[in-house]
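*Asks:* Just the structure for this:
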Amino acid sequence: MFISSAALRKVMNKLSKKRGIAVVIAIALAATLAIPFALANNTDPPTPIIPSQCTTTLPTGWSTSPIINAKATVKNVEDSGVVGYWALDDFVESFVIWQNTGTTPNTFCALNQYSGTWATYAGALSPQNGVSEPSDGSGTINGAVIKIFTGTFLGPYCSSTTTVTTTSGTLTVTKTTTNKTCTGPHSTKPLTGSIGTFNLGGTKAQILLGTYAQQKAFSPGSFLPFYFKSPSITNTPVWSWIYTQGNYVVYSSGLGYGSMWVNDLSGSFGDIVT
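*Replies:* Next up is the predicted model:
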């Protein structure tokens, strides 16, 4: 579920007196940027426009078109709250990356957008206040991260193998064939479209430990090594996630307890209690 403009206005009006303009702007940014560019979803619309946060950092030198516009499906991500991992997430992450050739080394700006679902379990600790969840629950996630980084772009995609999976009855056969030789620096994932599904292996048992459990690492920069040598993030001007549960409501005192959690660079507030 995307946050409607009417609901967003209600949230902003209720919070503006209590949280200040920084948080209000953060909510607006997250709600706006969390709607993925259509091009990242491969529906062939106009080229996405570089976010203003990129050009504020470096006013000139940016490419007019992104050098990468791809997406990935990510499953079983242990989501971190204030006290520990509190939920498992499944989402589609789209990432659009622009290059600035006026710097040495070259600078890049990436817009990562996330849309998916979270699931938590009875006995897990809620993300903000560490309340023991009374029951299993689930809801929606929308998020956006803008990061500026340096590195060396590896260039066009090249894969030396083709993998074909066939199923006959109960028998599944996967065959990998080497069909060409890739030489020199090259990206190891496609620059456009889907780059596949990544299962990070998070489990209900790990969430119920009530602390920071162990799984494959995930961050908004996880896919950069597919495309860049020695990527180094220098600035993250936007980092904002919104989690909602059911038909959340807004009371005179602010957000309805347990119906929305905002995890933002400028501060986290609200909570998810099932």
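
*Asks:* What ranges does the stretch 101-250 of the chain have for its strands?
*Replies:* In the stretch 101-250 of the chain, the strands defined using DSSP state E, counting those that start in this stretch lie at 107-120, 137-153, 161-168, 171-178, 192-199, 228-244, 250-251.

*Asks:* Identify, out of those, the most deeply packed stretch.
*Replies:* strand 107-120 (a mean of 23; mean count of other Cβ atoms under 10 Å). Where C-beta positions appear, they are placed from N, C-alpha and C, glycine not excepted.

*Asks:* Run through the neighbouring helices and strands of that strand.
*Replies:* Secondary-structure packing of strand 107-120 (3 or more Cβ pairs under 8 Å, 6 or more residues apart in numbering; DSSP states H and E): helix 52-57, strand 85-100, strand 137-153, strand 228-244.

*Asks:* at 10 Å what do you get?
*Replies:* Packing contacts for strand 107-120, counted by 3 or more Cβ pairs under 10 Å, 6 or more residues apart in numbering; DSSP states H and E, involve helix 21-33, helix 52-57, strand 68-80, strand 85-100, strand 137-153, helix 204-207, strand 228-244.

*Asks:* Using CSV, list the CA coordinates for that strand.
*Replies:* Coordinates of each C-alpha in strand 107-120 appear next as CSV, following Å, rounded to 0.1, in the frame of the first residue of the first chain:
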residue,chain,number,x,y,z
THR,A,107,31.1,10.2,-8.3
PHE,A,108,27.7,8.4,-8.6
CYS,A,109,24.3,9.0,-7.1
ALA,A,110,21.9,6.2,-6.5
LEU,A,111,18.2,6.2,-5.8
ASN,A,112,17.1,3.0,-4.1
GLN,A,113,13.4,2.4,-3.7
TYR,A,114,11.6,-0.4,-1.8
SER,A,115,8.1,-1.7,-1.9
GLY,A,116,7.0,-4.9,-0.2
THR,A,117,5.7,-6.5,3.0
TRP,A,118,6.8,-7.3,6.5
ALA,A,119,5.8,-10.1,8.8
THR,A,120,6.3,-10.4,12.6
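
*Asks:* what lines up beside that strand in the sheet?
*Replies:* Applying DSSP bridges, strand 107-120 is found paired with strand 85-100 (antiparallel), strand 137-153 (antiparallel).

*Asks:* shouldn't Thr104 be in contact with Thr150?
*Replies:* Yes: if you go by Cβ atoms under 10 Å, Thr104 and Thr150 touch, sitting 9.2 Å apart.

*Asks:* about what we covered before: just send the helices and strands packed on strand 107-120 back as JSON lines, with distance to Phe198 and mean pLDDT too.
*Replies:* As requested, these are exported to JSON lines (distance: least, Cβ to Cβ, whole Å; pLDDT from 0 to 100):
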{"stretch": "helix 21-33", "distance to Phe198": "22", "mean pLDDT": "48"}
{"stretch": "helix 52-57", "distance to Phe198": "26", "mean pLDDT": "91"}
{"stretch": "strand 68-80", "distance to Phe198": "5", "mean pLDDT": "93"}
{"stretch": "strand 85-100", "distance to Phe198": "9", "mean pLDDT": "95"}
{"stretch": "strand 137-153", "distance to Phe198": "16", "mean pLDDT": "94"}
{"stretch": "helix 204-207", "distance to Phe198": "17", "mean pLDDT": "92"}
{"stretch": "strand 228-244", "distance to Phe198": "18", "mean pLDDT": "92"}
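
*Asks:* closest one to Leu191 among these?
*Replies:* Nearest to Leu191, of all the helices and strands packed on strand 107-120, is strand 68-80, at 5.0 Å by Cβ to Cβ.

*Asks:* Could you point out which of the helices and strands packed on strand 107-120 sits nearest Ser126?
*Replies:* Of the helices and strands packed on strand 107-120, nearest to Ser126 by Cβ to Cβ is strand 85-100, at 6.4 Å.
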